[in-house]
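# next comes the sequence, and after it the predicted model I'd like to discuss.
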Amino acid sequence: MDPAESKKVSELLEDLVRLCKDSSQTASLFHDNLQELWPSLQSASSHSLPKLQLLQEQRVLLASSQHPQRLIQKIEELKDAGVQGIDKYIWLVGQIITEPSLKQLLSKDGSSDLATEPRTPDFSGYASSESPTPNFQLDEGFPSKKMRESENMLKTAPGSKQRSLNADDSGQPGSASWISIRSEKITDVPKSLIEGVSYPATPRWNIDRPYLTSQLFPQSYAPRRNTASKASPHEKESNNHGEVLKALSSFSSSVQELLVLEDLLSAMVGIEGKYVCLRRGRHKDGNSFYFQLEPSLDASLSDLAKRILPLCENYVVVSQFAEARSHFKHGLVNHAFASALRAILQDYHAMTAQLEHQYRLGRLSLQGLWFFCQPTVAAMQVLSTAVQRAIMQHASGAAMLNLLQKQAIAMAGDNGARSLLQKLIHAASTPYFGILERWVYEGVIDDPYGEFLIDENKSLQKESLSQDYYATYWQQRYSLRQEIPGFLASYAETILTTGKYLNAVRECGHNVQVPSAENGTLVKGRVQQPVLERINVAHNFASAELLNLIVQKFDLIGRLRSVKHYFFVDQGDFLVHFMDTAKDELTRKPSAMSVEKLQSLLELALRTSVAASDPYHEDLACSIEELSLMAQLHNIVRNGNVTSQQIGSAESVNTPVLASGITTGLETFTLEYKVRWPLSLVISRKALTKYQLIFRHIFHCKHVERQLCATWQMHQSTVRTINTLGTAISRSYVVCQRMLHFLQTFQHYMTFEVLEPNWHLMHGQLLNAKSIDEVMQHHDAFLERCLRQCTLLWPQILKKVDKLKFICLKYATATQWLIPAIFRQHDHFQQSGTTGKKSKGSYKERRGPRENPIQARQAAEDSNFKLTIGKIDEEFFKELKLLVALLSNGSQSEPCFAHLAQGLQGVA
């Protein structure tokens, strides 16, 4: 749809509103509807209609269209073209078609009561470019019979507007604030009190027949002539029905009493009488309606009758609330509350019928009416106050229960009022406790209107636990709402965890029956000790059931022990075999590595090691990370997954790169472990990532140690052949020993002073855990302690350790290249001085150090080698001193660092 067509439709709608406002009384019958509808049409793109309502309106359009297939095709074309607000216009046309008064008015070609001939809006552009406009024609004879009957009962003032409620907080009789919900107003699209909750539409007969639903009574009434003005006592006047009446002053007191009695009996059920009329006016409390007596009524009778008028006004408020809150959109609690109000009003109607029967028999006087109504006046005032507060707060669900509970507390001094409100709380909370019962007994939320204290986020799936580091399935799949009933507030967390545990058991394919569910249902209304005890019993049962399922059937302890074997390398023979066979592959860049080849080598190492006895070794796999260990830790720190106490200064995390500046598979290789539900609750992706960080730390230390061991073996072979005492090789041997001592001390600290003690502590805690939440808490605390005590959450210390490992690798690389190079150079000089004959003597000369110790010693005193070893030794000694100082400072927060610092003192 081009902008010109959109502008044309907007202009037509504006003309329609203007013409309806300026035209005669007939047009004003639906002006208020369209006037309030117009702002929603202007913001058509801000909110979307519920799908259920939109489908209903589309069915109405299709039923009225002569070419339904073309209409459907055109709607789809407009939506595909990106037309904004098409759903709103579909709804508007559907509303016009289904409302007889609007349809009749728009279908009239010309009417004598219109000042100007209105133009009917052309909606053909939205229906079909080829099909004619849907037929709006009705039988002639507007207004309809229903409208004529309504006008005969209550004359509607032209241009009258809907009034808004202002709660009468003072609770004084004489005025009751109320929003007039006219019968035609119900045709507006209802908005749910709970955002995002869809609900069925109200049946049309409930809207089109105001006599069946009491919607007729609280309509807008035409303002009556001011009868309080000076006039003769016998002057005739007309009431709201157009009847010519005599003033009450023209009758005797006994006749006045009879006339007022008849009108009061009608007013008690919300029907206006001849001399007791319904008025609307602006009071100090805001817009309100009230019943007004004929001013010429006898003073004594008027004083007595005015005492009964608040009862009539409060009845209308309560009756209309019960009718309005019975619609689907207001939720189960409001439905139950409205049902309880209707039950009370039914007794009230029976009392009114009995009073009317006494009146017909001539046995009822005005004084007698007041005597019988006195007990009901106070009760109806209590109901009216509660109802008005509910309307002001748009209360539903838990908010409604809390409102009734507060009202009951406020009425603590009035036993009758408190008992009445407690009865209403009991009735209104019945569906709420039904939802609660299914949750604590089955782990299912049966909450069609979103009223329950627990909110379910269905977008979160349990599979995310094993895939996403930041998965919040367990924390946010089920969460507490802000509005919680006051009588359940202290047990909200218990109720939440009970259902979560049962739901997790159901997700595992197990159906369980809570023992308390067999003994009866929860008590509704006031929560007493037996109810809380049943909730506790259900919680303990659900907790034990889920914990037993995970620990026993899914062998949680065995899984954790398997993860510990591989990621903490406490049985490291498989890792030695793997590093020997995958040495060439691991030295490549991450992009050039083959994960499939590494996986096959890992499986070979597992089958030929002690790990073959592990029943879960097939769940182990290889993985190549994109970031180095320092970079990954930097991201974790930056995203706020560790506390600031362990982060250190901001400068320590600004350069998360390797000290070597080169990233190979040795820095990015890690292990992966397959975890399925429900074990993923404990061994989640976040927990596995922490295991991987520790493994990568240990794995790289193992790699550096292997390089130093190779250097040590080279030194040993050299020392056996020649005397290197006092040479550069002798100093290199000492440096190698110091580096090996550093790495072995650091690895011993991580494995035997950090990982093993913390594992045994966690293992004992898991055996004594009472719920899966305690298991998760102990496991997370265990990993947090391991990361912190292994220096992974201390960036300054970790950077020093990384720098020392880099120095060790630089030394091992230099030594493994320089020592053979020195002796190869000596062999070259020996070969150049010979005659070139391949004799036994020349072979011995090529063997160099074994046959010529003096010349080999000269080669061992090479100046370049001596200078290189000296620089590396000084750099290593300097960095080690700084590390020991950092560990000593950090021991104030982590006492275990003191043991590591003491172990490294001998090296430094």
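Here it is on my side, so go on. Predicted model only: the values in this text are computed from it and were never measured. Numbers count the residues shown, from 1 in each chain.
# how is the protein divided into domains?
3-42+49-102, 251-426, 453-552, 554-641+666-680, 684-826+854-907 (the TED database).
# okay, those domains in CSV with mean neighbour count next?
For the C-beta atoms, the positions are set from N, CA and C on the backbone; glycine is no exception. Below are those laid out as CSV (neighbours: other Cβ atoms under 10 Å):
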stretch, mean neighbour count
domain 3-42+49-102, 16
domain 251-426, 19
domain 453-552, 17
domain 554-641+666-680, 17
domain 684-826+854-907, 18
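# can you add mean pLDDT and distance to residue 437 and give these back as CSV?
Compiled in CSV, the domains of the chain are given as follows (pLDDT from 0 to 100; distance: least, Cβ to Cβ, whole Å):
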stretch, mean pLDDT, distance to residue 437
domain 3-42+49-102, 61, 28
domain 251-426, 88, 13
domain 453-552, 83, 5
domain 554-641+666-680, 88, 25
domain 684-826+854-907, 84, 22
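# do you know which of those lies nearest residue 446?
Relative to residue 446, the nearest member of those by Cβ to Cβ is domain 251-426, separated by 9.9 Å.
# what about that closest one, start to end distance?
50 Å (Cα to Cα, to the nearest Å).
# in space, what's closest to residue 312 - neighbours in sequence excluded?
Among residues not flanking residue 312 along the chain, residue 267 sits closest, at 4.1 Å (Cβ to Cβ, 6 or more residues apart in numbering).
# roughly how far does that neighbour sit from residue 73?
Going from residue 267 to residue 73 by Cβ to Cβ, to the nearest Å gives 57 Å.
# again with residue 707
From residue 707 to residue 73 the distance is 74 Å (Cβ to Cβ).
# with residue 754 instead?
70 Å.
# with residue 300 instead?
75 Å.
# kindly report the same for residue 639.
Counting by Cβ to Cβ, the gap from residue 639 to residue 73 is 50 Å.
# where does pLDDT dip in the stretch 101-250 of the chain?
Residue ranges of the stretch 101-250 of the chain with pLDDT under 70: 101-199, 205-244.
# same thing but 80
101-246 (pLDDT under 80).
# might you report the residue contacts of the closest residue to residue 894 other than its chain neighbours?
Excluding the flanking residues, the one nearest residue 894 by Cβ to Cβ, 6+ apart is residue 789, at 6.0 Å. For residue 789, the contacting residues are 754, 758, 894, 896, 897, by Cβ atoms under 8 Å, 6 or more residues apart in numbering.
# change it to 7 Å
Listed by Cβ atoms under 7 Å, 6 or more residues apart in numbering, the contact partners of residue 789 are 754, 894, 896.
# helix/strand/coil for the second one?
Recorded secondary structure, residue 894: coil (DSSP: H, G, I helix; E, B strand; the rest coil).
# ok, it to residue 786 distance?
Counting by Cβ to Cβ, the gap from residue 894 to residue 786 is 12 Å.
# with the last one instead?
Counting by Cβ to Cβ, the separation of residue 896 from residue 786 is 11 Å.
# joint contacts of the two?
Common neighbours of residue 896 and residue 786 (Cβ under 7 Å, 6+ apart) are residue 754.
# does residue 759 lie in a helix or a strand, and which?
Counting by DSSP states H and E, the element that carries residue 759 is helix 756-767.
# which outside residues touch that helix?
The contact list for helix 756-767, computed with Cβ under 7 Å, 6+ apart, reads 557, 564, 775, 778, 779, 782, 785, 786.
# which residue, neighbours along the chain excluded, lies closest to the fifth one?
When the adjacent residues along the chain are set aside, residue 779 lies closest to residue 682, with 5.5 Å between them (Cβ to Cβ, 6+ apart).
# surely that neighbour meets residue 775?
Yes. With contact defined as Cβ atoms under 7 Å, residue 682 reaches residue 775; the gap is 5.8 Å.
# returning to what we had before: ok, now which ones touch the residue nearest to residue 312?
273, 276, 291, 312.
# ok, so of those, who is nearest residue 324?
residue 312 (18.7 Å).
# quick check: the closest one touching residue 268?
Yes. Residue 312 lies in contact with residue 268 (Cβ under 7 Å); the separation is 5.4 Å.
# where's the closest residue to residue 327 other than its chain neighbours, which helix or strand?
Among residues not flanking residue 327 along the chain, residue 202 sits closest, at 5.3 Å (Cβ to Cβ, 6+ apart). Residue 202 belongs to no helix or strand when elements are defined using DSSP H and E.
# and residue 202, how many neighbours?
For residue 202, the count of nearby residues is 16 (other Cβ atoms under 10 Å).
# okay, it and residue 258: tell me how far apart.
Counting by Cβ to Cβ, the gap from residue 202 to residue 258 is 41 Å.
# equivalent analysis for residue 382, please.
31 Å.
# how about residue 512?
In this view, residue 512 and residue 258 are 70 Å apart by Cβ to Cβ.
# ok, now which ones touch residue 307?
Contacts of residue 307 by Cβ under 7 Å, 6+ apart are residue 370.
# rewinding a little: now the domains of the chain in JSON lines, with distance to residue 435?
What follows is the domains of the chain, written out as JSON lines (distance: least, Cβ to Cβ, whole Å):
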{"stretch": "domain 3-42+49-102", "distance to residue 435": "22"}
{"stretch": "domain 251-426", "distance to residue 435": "8"}
{"stretch": "domain 453-552", "distance to residue 435": "9"}
{"stretch": "domain 554-641+666-680", "distance to residue 435": "25"}
{"stretch": "domain 684-826+854-907", "distance to residue 435": "23"}
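# nearest to residue 439, out of those?
Per Cβ to Cβ, nearest to residue 439 of the domains of the chain: domain 453-552, 4.2 Å.
# how far does that closest one stretch from one end to the other?
33 Å.
# equivalent analysis for stretch 675-689, please.
Distance between the boundary residues of stretch 675-689 (Cα to Cα) amounts to 13 Å.
# ok, stretch 567-586 next?
18 Å.
# give me the contact list for stretch 604-615.
So stretch 604-615 is in contact with 562, 565, 571, 573, 574, 577, 578, 581, 617, 620, going by Cβ under 7 Å, 6+ apart.
# where does the first one sit, in terms of helix or strand?
Secondary structure from DSSP H and E places residue 562 in helix 556-567.
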